[in-house]
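[1] Next comes the sequence, and after it the predicted model I'd like to discuss.
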Amino acid sequence: MKTIAALTLLLLAFCPTADGAVRGKKIVLLAGPLDSHPKDTHEYERNIILLKHALDGALKDVRVEVHFDGWPADPSTLDDADTIFITSGGCDHKLEDHPLYVGERFKVLEKQMKRGCGILFHHWSTFHPAKYHDAITEWVGGYFDYETGSAPNKWYSKIETKDYSTVLLAPEHPIARGVKPFKVKEEFYFNLRFRENDPRLKWILAKDGSDPRAAAVGWAVERADGGRGWGFTGGHYFANWWIPEFRKLVLNAIAWTAKIEVPEGGVESTLDDPVRALILTGHNHPAHDWKSTTAALIHVLEQDPRMRVDVTENPEDLAGKRLETVDLLVLNYNNWDKPGLSDAAKAGFLKYLGRGGGLSVIHFADGAWNRTLPAKDSEWEEYRTKVLRRAWMHPDSAHDPFGAFTVTPTAAKHEITSGLAAFDTNDELYVKQTGEQPIEPLVTATSKVTNSEEPLAWAYDVDKARVFQTLLGHSADSIRKAGPLIRRGSVWAAKRAPLSFDPPKERTEKATFRNGARWTGQAPPPKPEPAKPPKVLPSDPGLEGGKGGHWGQSGEKDWADARWNQADVGPFMTSALKVGDRTILRAISVKVGDGGVVFDPADCTIRAGWTGGFLAFSPARYGLIEMPKIAGQVQFALPSGPGWDAPVKYRGLHLAGNRVVFEYEVGDAKVLEASGFEDGMFVRTLEIGPHGRARRLTLCETGRVFSVFGAAPDGNVVEIAASREPLRITITTGAMASAPAKFDLTPKARWGKPVETRGLLSKEKGPYVVDTLTVPYENPWKALMFLSGIDFFRNGDAAVSTIHGDVWIVSGIDEKLEKLTWKRYATGLYQALGLKIVDDQVYVLGRDRITKLRDLDGDGEADDYENFCADLPTSAGGHDYITCLETDA
């Protein structure tokens with residue numbers, strides 16, 4: 001059994017001043033990216049969620065902003081801040097690990113300091129380079145000096161983790177109001193670098209009673225420009241927020257630097273009890289990936305730092321003492337074909353609810369222990385009729401095909417949905433759930449099956465217990481998109497007040513389990529035998545030397561990433577794809593309508609068409625280890641057998657107008673083919689050159705109605721007569737009075753203006769240094785930038801491929817690198833792992849073929865994807881990669 005402990009948020013209540021001095025103030029809280037420290041330490045994001053909640057609830061006229069990744073997306077928001085709080089990594093490993101030293105940020109902050117803005121550095125963010133000594137000591141009085149010491153590591157300042165008995169050095173200072181010396185286990189930094197004889201400097205807190213200059217761990221200055229600064233080296237352990245004096249010290253400092261009058265007794269705060277949550281999981285319907293949805297649930301719930309989340313994969317834990325210490329039970333479980341609960345487990349579950357324990361029921365957990373599903377003998381009627389208000393009962397219950405829809409809060413007045421906005425999701429929309437007890441729907445969505453608004457979440461009491469039930473949550477992405485609703489409902493079920501705001505749900509998309517997590521959905525890697533560090537040469541200039549996730553430091557949990565589903569992948573995508581029982585190894589899926597069609601270049605025919613979503617990419621290994629899946633519902637298919645009755649040869653595809661046009665040969669005829677979707681029908685258009693023999697084209701399996709223009713239909717087969725003239729044939733999946741208009745074949749630009757970045761010149765001196773071309777990881781299309789190949793044109797521009805199928809043209813590569821432009825050139829290639837430029841033409845190696853790319857109209861985007869060579873073996877296996885495109889001259 002694997003479990004994971006989560007964090008708990010302090011519910012803090014400030015005492016605002018009576019004279020209204022806080023009115024109009026603005027506090028900005030900045031959290032740096034999470035670093036390599038283990039869970040429950042260096043919790044930057046949870047720190048600022050905690051602080052914003054506290055400030056929102058205490059100071060009505062104070063604006064509090066939170067920003068993640070170390071910096072606001074729009075730095076101009078700092079222009080009217082009264083104080084800026086920074087909790088982040090330091091820069092002793094790498095300068096850019098400290099968000100203040102990325103790009104031009106230092107200059108931006110310098111501008112704010114000159115106008116008298118306050119500043120606070122918390123724990124590791126007190127690390128600063130010695131060359132910024134004058135500025136940092138001016139702003140905040142002191143810092144951790146890791147560069148000018150005589151020790152082998154060059155540290156002047158020191159670190160020690162142990163139990164401390166702190167000492168107040170300036171009890172008369174406003175930051176010390178109401179603060180008493182306290183005991184704490186902490187990783188304090190000390191022997192800090194201060195100016196000599198700085199009359200402004202006040203040492204507030206010391207780690208012990210030794211020399212104040214060496215022992216100070218909290219200090220403050222008031223600058224001549226009116227600004228105030230505070231530095232504090234505590235904050236390593238998140239649990240220390242539960243020490244009242246620790247909390248008061250930090251909260252006093254925030255108020256003081258914002259020029260808010262600190263009350264005589266200090267800023268008072270109280271603790272809310274943690275939510276001890278337990279997720280029951282471990283099995284579900286085969287189409288429900290319980291591991292990935294459980295991981296998503298943990299990240300969603302833990303955005304409220306009050307949550308301490310454990311996981312059990314054993315439903316019989318309901319029978320033991322496990323539930324005695326639980327406030328919230330989250331069911332992400334369906335026994336499906338597994339045995340039901342024992343009588344002891346049923347009794348333990350009902351006893352838990354009887355004492356008032358909270359319950360959240362997620363998605364298909366409403367079908368657990370159900371006689372209408374495969375494990376018929378697991379029937380537990382009391383769960384379906386008393387614990388639940390609605391349950392899945394086969395065969396009446398159903399759902400829309402997995403796809404996109406909008407979830408809208410109802411008019412019901414409930415704290416779960418108070419202020420909750422409508423949101424878009426990709427999910428299964430459940431309908432026709434059974435139950436006789438009344439419900440008050442909290443959110444609904446329109447079903448394509450019933451054409452009605454269907455309830456998707458509700459909340460109610462069962463005896464002393466609160467129950468929140470939602471039908472959302474088929475996939476990990478579905479859980480994340482519904483994250484605020486699920487978290488709010490779970491907090492309500494646990495009988496806690498909601499957070500004052502919803503942390504951005506986008507933060508959960510990239511969330512991974514930190515070191516020390518007790519549940520990650522996989523067995524922990526075996527511990528290696530202790531060994532002496534090998535004697536190796538230093539890493540080459542510009543390389544990380546194994547710090548960035550290499551050499552066994554990353555595991556499966558670090559590679560679960562569903563961002564590809566949010567990307568604009570372009571008008572088509574090449575991959576292996578399963579249609580019916582057959583896997584098409586070199587499938588080219590084309591977007592049409594709200595779905596797609598798949599073209600099989602081996603037989604030069606359309607194998608299937610579907611509606612209700614394009615492709616769904618697995619989060620495992622960034623979507624690369626598994627084939628994508630058809631996201632919608634298949635409307636027609638030809639899973640196997642040839643489409644044409646003659647030999648075919650695939651030549652390539654063209655991007656023309658809004659269409660993807662395939663070019664191939666059938667016998668002695670050249671064919672251009674494109675698909676579309678009009679008036680609710682798939683439209684397939686073929687332009688066939690002169691040919692000396694009649695041809696037959698099989699459209700799909702029997703039982704489908706087609707309209708054919710320009711040729712003779714024979715059921716689901718089209719008879720094409722021999723012709724000395726070109727023919728134009730249109731096929732539609734339904735009755736159409738006349739052939740659709742001829743489509744526009746003019747190439748069309750798709751990607752707009754290039755993305756600009758600024759490169760980094762090496763600061764090293766020597767015969768061999770490495771400059772950095774900055775990659776636009778943030779781009780308008782959310783394209784993933786896992787670079788896989790590079791080569792150069794004659795003019796010095798570069799072509800760069802990504803493993804997710806893009807090619808970019810990079811310009812501006814000069815001696816300054818001040819303005820790099822990244823133009824998206826091509827998309828939809830199959831795991832591109834090699835790129836070469838020959839005679840200024842780009843060739844890309846994918847798992848399906850070598851593709852030659854050409855820009856026919858000079859707009860900087862490839863319009864022609866020529867099948868240069870398809871003589872490559874390939875398979876649907878997850879580990880079968882084709883790499884290293886080279887030339888012999």
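    Thanks, I have it. Residues are numbered from 1 along each chain as shown.
[2] How is N565 assigned, secondary-structure-wise?
    The three-state assignment at N565 reads helix, by DSSP: H, G, I helix; E, B strand; the rest coil.
[3] Help me confirm that it comes into contact with A476.
    No - checked against Cβ atoms under 8 Å, the pair N565 and A476 is beyond contact range at 9.7 Å. From N, CA and C alone the C-beta is placed, and that goes for glycine too.
[4] Which of the two has more residues huddled nearby?
    Set N565 next to A476 and count neighbours by other Cβ atoms under 10 Å: A476 wins out with 25 against 22.
[5] was I right about the more buried one contacting D289?
    Yes - at 7.1 Å, A476 and D289 qualify as touching, with contact defined as Cβ under 8 Å.
[6] just checking, A365 is part of a strand?
    No - counting by three-state DSSP, A365 is not found in a strand; it is helix.
[7] what's the neighbour count on it?
    Neighbour tally, A365, other Cβ under 10 Å: 28.
[8] quick one: least confident helix or strand in the protein?
    The helix or strand of the chain with the poorest confidence is strand 712-714; it has a mean of 79 (mean pLDDT, DSSP states H and E).
[9] From P395, how far off is the nearest residue in space to N240 that is not next to it in sequence?
    Using Cβ to Cβ, 6 or more residues apart in numbering and skipping the chain neighbours, the partner closest in space to N240 is F246 (5.1 Å). As judged by Cβ to Cβ, to the nearest Å, F246 and P395 stand 59 Å apart.
[10] tell me the pLDDT at the closest residue to C91 other than its chain neighbours?
    Nearest residue to C91, sequence neighbours excluded (Cβ to Cβ, 6+ apart): H98, at 3.7 Å. Model confidence at H98, given as pLDDT, is 94.
[11] quick one: H98 and W71 touch, right?
    No - the criterion here is Cβ under 8 Å, and H98 misses it with W71 at 11.0 Å.
[12] The two: which is more packed in?
    More neighbours surround H98 than the other of H98 and W71, with 26 against 21 (other Cβ under 10 Å).
[13] show me the contacts for that one.
    Residues counted as contacts of H98 (Cβ atoms under 8 Å, 6 or more residues apart in numbering) are 32, 88-91, 125, 127-128.
[14] Regarding the residue of the chain most remote from its centre, what are the backbone dihedral angles?
    Here the centre of the chain is the reference, and by Cα atoms, centre = their mean the most remote residue is R724, at 56.2 Å. For R724, the backbone dihedrals are phi -90, psi -10 (criterion: degrees, to the nearest 10).
[15] If you drop the residues flanking it in sequence, what lies closest to it?
    P690 is the one closest to R724 (Cβ to Cβ, 6+ apart), at 5.2 Å.
[16] What are the neighbouring residues in contact with that neighbour?
    669, 723-726.
[17] distance of the residue lying closest to Y101 once chain neighbours are set aside from K202?
    With Cβ to Cβ, 6+ apart as the criterion, Y101 has its nearest non-adjacent residue at 4.9 Å, and that residue is L95. Relative to K202, L95 is positioned 29 Å away (Cβ to Cβ).
[18] okay, those two: which has more neighbours?
    Each of L95 and K202 has its neighbours counted (other Cβ under 10 Å); K202 has more, 20 against 13.
[19] List the contacts of that one.
    K202 sits next to 169-170, 173, 219-221 when contact means Cβ under 8 Å, 6+ apart.
[20] please redo it, this time with the cut-off set to 6 Å
    Counting by Cβ atoms under 6 Å, 6 or more residues apart in numbering, K202 makes contact with 170, 173, 220.
[21] try I813
    Residues in contact with I813, defined by Cβ under 6 Å, 6+ apart, are G796.
[22] Show me the contact partners of stretch 289-304.
    For stretch 289-304, the external contacting residues (Cβ under 6 Å, 6+ apart) are 6, 279, 281, 284, 307, 309, 332, 476, 479-480, 483, 486-487, 499, 503, 508, 511, 521, 619.
[23] pLDDT score assigned to E379?
    So, for E379, pLDDT stands at 94.
[24] number of nearby residues for it?
    There are 14 residues near E379, going by other Cβ under 10 Å.
[25] ok, and the closest non-adjacent residue to it?
    Excluding its sequence neighbours, the residue lying closest to E379 (Cβ to Cβ, 6+ apart) is R371, at 3.8 Å.
[26] does the one you found really touch E381, like I thought?
    No - under the criterion of Cβ atoms under 6 Å, R371 makes no contact with E381, lying 8.4 Å away.
[27] Who has more neighbours out of the two?
    Looking at R371 and E381 with other Cβ under 10 Å, you find the greater number of neighbours at R371, namely 15 against 11.
[28] got any ranges where this protein has weak pLDDT?
    1-23, 522-557, 702-705, 740-741, 743 (pLDDT under 70).
[29] domain ranges for it?
    26-257, 276-508, 563-732, 755-869 (automatic domain parsing).
[30] What ranges does this protein have for its helices?
    Counting by DSSP state H, the chain has helices at residues 44-58, 105-114, 133-140, 212-215, 244-257, 290-301, 343-354, 381-382, 476-481, 483-493.
[31] quick one, which of the ones you listed is nearest to E818?
    In terms of Cβ to Cβ, the element of the helices of the chain nearest to E818 is helix 105-114, at 15.8 Å.
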